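Student: Give me a model of this one.
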Amino acid sequence: MKKYFLVGFFVVLILVGLLISNDAKAVVSVREAIASISPTSAYTGESVTYTYTVTNSSSSTAKIGSVEIKLPVGFGVPILNNINTSSSTETWVLSSTDGYINGFSSTTQKIRIRASNENSKLDEGESVQVQITSVSPLIIGSNEWTSSVYYPMTFSGTPLFLITSVQPIVNIISFKTTPTITWNNPADIEYGTALSNIQLNATTTVDGTFSYLPDIGTMLSLGSGQVLSTTFTPTDLINYNIATSSVLINVVDTTSPVITILGENPIRTLRGKTYTDAGATTTDAIDSGVVATSTSNVNTSINGTYYITYGATDVSGNSALEKTRTVIVYSSGGRRRIENPPVEITINPAVEDSILESTTTGLIVENPNLIITETSTTPISGEVLGVSIFVFNKNLGFGDRNSDVVELQKRLTDEGLFTASTTGYFGTTTKNAVIKYQEKYASEILIPLGLTKGTGFVGIYTRGRLNQ
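Tutor: Take a look at the predicted model:
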């Protein structure tokens, strides 16, 4: 009997042990929940509506009845909006007990939501969402939105559900703005002009530095609508973005070619001799192929003063300032001035190729006592004593005093335009006589220069007429 009693006792102990073991397993069953938030980042000072989700992820039969969410410091008073559950038959509400108003307590800085009844508790795999609108703090950093999940609907006791993984985090980042760059299209620049801060002059109200492409000192090619760009890097890259901008610039050519006359100017050539012009060269900043063109009225069969005018136009349409060469055609006798006391020259008409040609092409008799007869039969050879040749080869103007002015005054006297004494000083009387001379021969002196009135200055055209 005693033996059976012991066996029964051990059987009872085994059964009790099994019961205790199963109950213990039920007690220690893991109750888990997952909490998440979206979005997970926001700019400083930004108003954002977050969606906070809690899901029952436990393997037990325990249901979630209430959720408490700790709002991080700096997010202010939130506005709680819609509460939704994954099941259409379950409803949740904002807590309005224990000092909570519309689900929030500014004292505890917590949000409370709960099931409206036992049947609305969250079973395994079910979730609840609440929308929370809040203004982000002005300090950048990570902010944890800690949730506590309870089995009862009263937010009491130790949370019975563990949040798996980590609590939801919202990262507050700087609210970057892009600086506004002010930069207008620069004025056109001449080809060959290097870029400077006159063109590369972008501005902004934010501290930082500009870099340009192409940079200061660059000489652009000829053309319109060329792009200049800039990149602005703010000193404060936490609050400002890097900014870019661009403008257009035209590089133009408004510089005319320059003509250089080759050889002598003025130049003298014998009548009847073939005249070959030395020509002219041109230089241009862009167009190396500019060729000077010329117009000429030179006639070496007739004594006189002639002109060759040179012109040129570059590829941009810029015309050069015209240059003129004076060509004086003369006979072999040249000009002769006889200033000696009374002299008699006896010539033979049969030798007109010598002395007569000379007298008909520029022999100037300044001595009224000179007598020319035609009685000699002996040709004259060599130079006539007392005869000289003078050529005006430099400009003359008011205030000059030299031997050239003496010759000028003599010539003007010959023309009946100068009645004063020959002094060699270019004064008002001489200037007025020159003006009259220029207007007398306006077709040769003034018109080629586009003038209608004499200037009183003895330049290239006036000298050309004087040298005839």
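Student: Surely residue 433 is within a strand?
Tutor: No: assigned with DSSP: H, G, I helix; E, B strand; the rest coil, residue 433 falls outside any strand and is helix.
Student: quick one, what contacts it?
Tutor: With contact taken as C-beta atoms under 8 Å, 6 or more residues apart in numbering, residue 433 is in contact with 409, 412, 417, 418. All C-beta spots, glycine's among them, are computed from the backbone N, C-alpha and C.
Student: Show me the two of these that sit farthest apart.
Tutor: With C-beta to C-beta as the measure, no two of the contacts of residue 433 lie farther apart than 409 and 417, at 9.9 Å.
Student: more neighbours, those two?
Tutor: residue 409 (23 against 17; other C-beta atoms under 10 Å).
Student: For the helix or strand harbouring that one, buried residues please.
Tutor: Here residue 409, judged by DSSP states H and E, is contained in helix 403-414. For helix 403-414, a neighbour-count test (16 or more other C-beta atoms under 10 Å) marks 404, 405, 407, 408, 409, 410, 411, 412, 413 as buried.
Student: Against residue 432, how distant is the fifth one?
Tutor: Spelled out, that is residue 409. The gap separating residue 409 from residue 432 is 12 Å, by C-beta to C-beta, to the nearest Å.
Student: Repeat that for residue 121.
Tutor: With distances taken as C-beta to C-beta, residue 121 is found 124 Å from residue 432.
Student: between these two, which one's more packed in?
Tutor: Per other C-beta under 10 Å, whichever of residue 121 and residue 432 has more neighbours is residue 121, with 22 against 15.
Student: how close does the more buried one get to residue 53?
Tutor: Taken as C-beta to C-beta, the span from residue 121 to residue 53 is 16 Å.
Student: what do you get for residue 136?
Tutor: Shown here: residue 136 relative to residue 53, a distance of 20 Å by C-beta to C-beta.
Student: Looking at these two, which is more packed in?
Tutor: Remark: of residue 136 and residue 53, residue 136 carries more neighbours, 24 against 17, as counted by other C-beta under 10 Å.
Student: That one against residue 41, yeah?
Tutor: No: counting by C-beta atoms under 8 Å, residue 41 is not a contact partner of residue 136; they are 9.4 Å apart.
Student: Can you check which residues contact both of the two?
Tutor: Residues touching both residue 136 and residue 41 by C-beta under 8 Å, 6+ apart: 170, 172.
Student: the bottom helix or strand of this structure by mean pLDDT?
Tutor: helix 357-360 (a mean of 34; mean pLDDT, DSSP states H and E).
Student: any idea how far the residue lying closest to residue 146 once chain neighbours are set aside lies from residue 104?
Tutor: Leaving aside its chain neighbours, residue 146 sits nearest to residue 70 (4.2 Å; criterion: C-beta to C-beta, 6 or more residues apart in numbering). Going from residue 70 to residue 104 by C-beta to C-beta gives 11 Å.
Student: go on, residue 390?
Tutor: 117 Å.
Student: Comparing these two, which residue is more hemmed in?
Tutor: Applying other C-beta under 10 Å to residue 390 and residue 104 shows that residue 104 carries more neighbours, namely 22 against 19.
Student: How many residues are close by the residue lying closest to that one once chain neighbours are set aside?
Tutor: Distances taken as C-beta to C-beta, 6+ apart put residue 111 closest to residue 104, at 5.4 Å, once the chain neighbours are dropped. With neighbours defined by other C-beta under 10 Å, the count for residue 111 comes to 24.
Student: any idea of the mean pLDDT for the helix or strand hosting residue 111?
Tutor: Assigned by DSSP H and E, residue 111 belongs to strand 110-115. In this model, strand 110-115 carries a mean pLDDT of 95.
Student: Could you list every helix and strand that that strand packs against?
Tutor: Using 3 or more C-beta pairs under 8 Å, 6 or more residues apart in numbering; DSSP states H and E, the elements in contact with strand 110-115 are strand 66-70, strand 92-94, strand 104-105, strand 127-135.
Student: can you pull the buried residues of the last one?
Tutor: Meaning strand 127-135. Neighbour counts over strand 127-135 (16+ other C-beta under 10 Å) mark 127, 128, 129, 130, 132, 134, 135 as buried.
Student: Within the sheet, what are the partner strands of the helix or strand just after it, with directions?
Tutor: Of the helices and strands lying after strand 127-135 in sequence (DSSP H and E), the nearest is strand 141-144. Strand 141-144 sits in its sheet next to strand 169-173 (antiparallel), going by DSSP bridges.
Student: which helices and strands sit right next to the helix or strand just after the strand it pairs with?
Tutor: Going down the chain from strand 169-173, the next helix or strand is strand 189-190, by DSSP H and E. On a contact count with 3+ C-beta pairs under 8 Å, 6+ apart, strand 189-190 meets strand 243-252.
Student: Show me what residue 226 is bridged to.
Tutor: residue 249.
Student: ok, now which ones touch it?
Tutor: Residues counted as contacts of residue 226 (C-beta under 8 Å, 6+ apart) are 220, 248, 249, 250, 251.
Student: ok, 10 Å please
Tutor: Neighbouring residues of residue 226 by C-beta atoms under 10 Å, 6 or more residues apart in numbering: 189, 214, 220, 247, 248, 249, 250, 251.
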